[in-house]
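>>> Dropping the sequence and predicted coords here.
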Amino acid sequence: ASTQTTQEDSETPDEAPRSRVEEREITVTGSRFSKLLDQPQPKAVISAEDRDLAGVNSASELIRSQPGFNITGDFGINVRGVGRQTEQTLLGQENTVIQYIDNFINLVPENIAESTLFGGNITFVRGPAGTTYGRNAIAGAINVISRAPTKDFTAQVVAGTARAGAYNFGANLSGPITDNLGFRVGMQRFVQPSIFKAVGGAKGAGFAIDNTYFEFQLDWNIGNLHVRNRATTFSYDNQPGYPTVSRYNNGLNGNTNAAFGDLSPNPAFGYDGPLPNQPYQTNVNVVGYDRLRGNFQNVLNADLDLGFATFFYTGGYQEYVSSGEADRDLTSRVSYDGDTIAPGTFEPGTQVPTDYRTNYLNDNYFWSQEVRLEGNGNGPLDWVLGFYYFNQKFDEQYWENIANATDAILNPVVGTPGLTLAPNPRRST
């Protein structure tokens, strides 16, 4: 909405300065998804065709293409500076930019960039939208509407290749089953082998992906009732990437301590193995993995025209198990003789383990139910009556470990050679 102030009509252009027009934007936040495109909120809509033409494929590219939107890392989304500035602000802070896929809450920003075989229009809303999207939309909102079943039979096929044997292939089929029932089914797979060269250690280490996606939809129209159900599953079996190492922590530049805080060893101390100092090189003993299994999502949307109002329902459920492991020390060494590499630091004969690894295991599910009754807007009052419930169970574990840890960690030498700490029964490997 806007207001205007102009010079009086009696003044002509020759007698008065050029008329001034002053516009002020007023943000309205009280409508729902069905009317989102009609709202005067600052917003932008990107279609699947727009994405294909622009080559915008990732969530970070999509988000940064919108004025005022920014993302740091994988989760730090903010709009005009409001929201998570870094991934570290995840702790103790709720989302300020909510994300939905087919009106069902989405907890992973990368999902808004699903393949254009399946994802349709993406709406970005800048500014407070709490009445529309809830308390997690104080800065803005993102809503993805997937491609729906079509009235006529339609098929799409995409394929691509890249270097080192990378490829993707996908297809979908959509059309009617009866006059009132339509369907849509599709799949897509992305494969990218590792292009890294091992200068030492495990062969084949380095970033690689193998992702597979399936979708099935049904769409009913029975009188004034419209029901759409979408079920998807997505799995991957990827490998983590490893950074280029400029030097090892082997005693150079003043780094002469073989232990960190006298509680854990420096894994690269005294290491003189091959240095992966060029792009796409590795020297690790663990290839590593990132896996997603048991990932299933089902979203049901329904609306019923009652004449004086429209009844809406959205219900969704998602579950998944993700796990991973990666080389933490970035060397192919698994241990060293403490008295040889760092004399006087450990008891003679101690084999210092250096096989550091990072691990994670997430076993999560969440679901939501929403019902609302929305006036048809024909009267003097616009109104919405609704109820929303969200439930989640997150079991997430992240840890680092040293494979084959020995009493080198339990009883390190401190300060004076030969002076050891007494065993601590509360400390374990």
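Good, I have the coordinates. Numbering: from 1, shown residues only.

>>> So residue 387 lies in a strand, does it not?
Yes - counting by DSSP: H, G, I helix; E, B strand; the rest coil, residue 387 is found in a strand.

>>> dump the residue contacts of it.
The contact partners of residue 387, taken as Cβ atoms under 8 Å, 6 or more residues apart in numbering, are 369-372. In this view, the C-beta of every residue, glycine as well, is placed from N, C-alpha and C.

>>> from those, which is closest to residue 80?
Closest to residue 80 out of the contacts of residue 387 is residue 370 (27.5 Å), distances taken as Cβ to Cβ.

>>> So in that sheet, which strands flank the strand or helix carrying that closest one, and in what orientation?
In this assignment (DSSP states H and E), residue 370 forms part of strand 356-375. Using DSSP bridges, the neighbouring strands of strand 356-375 in the sheet come out as strand 309-327 (antiparallel), strand 384-402 (antiparallel).

>>> What are the buried residues along the very next helix or strand once past the first one?
Spelled out, that is strand 309-327. Later in the chain than strand 309-327, the nearest helix or strand by DSSP H and E is strand 335-337. Judged by neighbour count using 16 or more other Cβ atoms under 10 Å, the buried positions of strand 335-337 are 335-336.

>>> just checking, what packs against strand 335-337?
strand 351-353 (3 or more Cβ pairs under 8 Å, 6 or more residues apart in numbering; DSSP states H and E).

>>> I figured residue 151 hits residue 182, correct?
Yes - contact status for residue 151 versus residue 182: in contact at 6.9 Å, counting by Cβ atoms under 8 Å.

>>> Give me the common contacts of those two.
Joint contacts of residue 151 and residue 182 (Cβ under 8 Å, 6+ apart) are 175-176.

>>> Looking at those two, which is more packed in?
residue 182 (21 against 11; other Cβ atoms under 10 Å).

>>> For the closest residue to the more buried one other than its chain neighbours, identify the helix or strand it belongs to.
Nearest residue to residue 182 in three dimensions, chain neighbours excluded: residue 149, at 3.5 Å (Cβ to Cβ, 6 or more residues apart in numbering). Assigned by DSSP H and E, residue 149 belongs to no helix or strand.

>>> And the strands in the stretch 151-300 of the chain?
Remark: strands assigned in the stretch 151-300 of the chain by DSSP state E, counting those that start in this stretch are 154-161, 167-176, 181-192, 197-201, 209-222, 225-238, 259-260, 264-265, 281-284, 289-305.

>>> Measure how buried the nearest residue to residue 392 once chain neighbours are set aside is and give me the count.
Among residues not flanking residue 392 along the chain, residue 366 sits closest, at 3.6 Å (Cβ to Cβ, 6+ apart). Other residues lying near residue 366 total 17 when counted by other Cβ under 10 Å.

>>> and residue 366, what are its bridge partners?
residue 318, residue 392.

>>> With residue 384 as the reference, measure out to it.
According to Cβ to Cβ, to the nearest Å, residue 366 stands 24 Å off from residue 384.

>>> if I pick the closest residue to residue 287 other than its chain neighbours, what's in contact with it?
The shortest distance from residue 287 to any non-neighbouring residue, by Cβ to Cβ, 6+ apart, is to residue 205 (4.6 Å). Residues near residue 205 by Cβ under 8 Å, 6+ apart: 194, 196, 198, 239, 242, 282, 284, 286-288, 327.

>>> who wins for neighbours among these?
residue 282 leads the contacts of residue 205 on contacts (other Cβ under 10 Å) with 28 neighbours.

>>> In the stretch 301-429 of the chain, where is pLDDT below threshold?
404-429 (pLDDT under 70).

>>> redo that, cut-off 50
413-420, 429 (pLDDT under 50).

>>> was I right about the residue nearest to residue 392 contacting residue 320?
No - between residue 366 and residue 320 there is no contact under Cβ under 8 Å: 9.8 Å.

>>> So what does the closest residue to residue 54 other than its chain neighbours have for phi and psi?
Sequence neighbours aside, residue 65 is the residue nearest to residue 54 in space, at 7.7 Å (criterion: Cβ to Cβ, 6+ apart). Phi and psi for residue 65, reported as degrees, to the nearest 10, are phi -80, psi -10.

>>> Break down the stretch 1-150 of the chain into its strands, ranges please.
According to DSSP E, counting those that start in this stretch, the strands that the stretch 1-150 of the chain contains are 43-46, 69-72, 76-79, 82-83, 97-101, 104-105, 119-126, 140-146.

>>> Counting by contacts, list what the last one packs against.
The criterion is 3+ Cβ pairs under 8 Å, 6+ apart, and the helices and strands that strand 140-146 contacts are strand 97-101, strand 119-126.

>>> got the buried residues for the longest one?
The one in question is strand 119-126. Buried-residue list, strand 119-126, by 16+ other Cβ under 10 Å: 119-126.

>>> ok, that strand: who's next to it in the sheet?
strand 43-46 (antiparallel), strand 140-146 (antiparallel).
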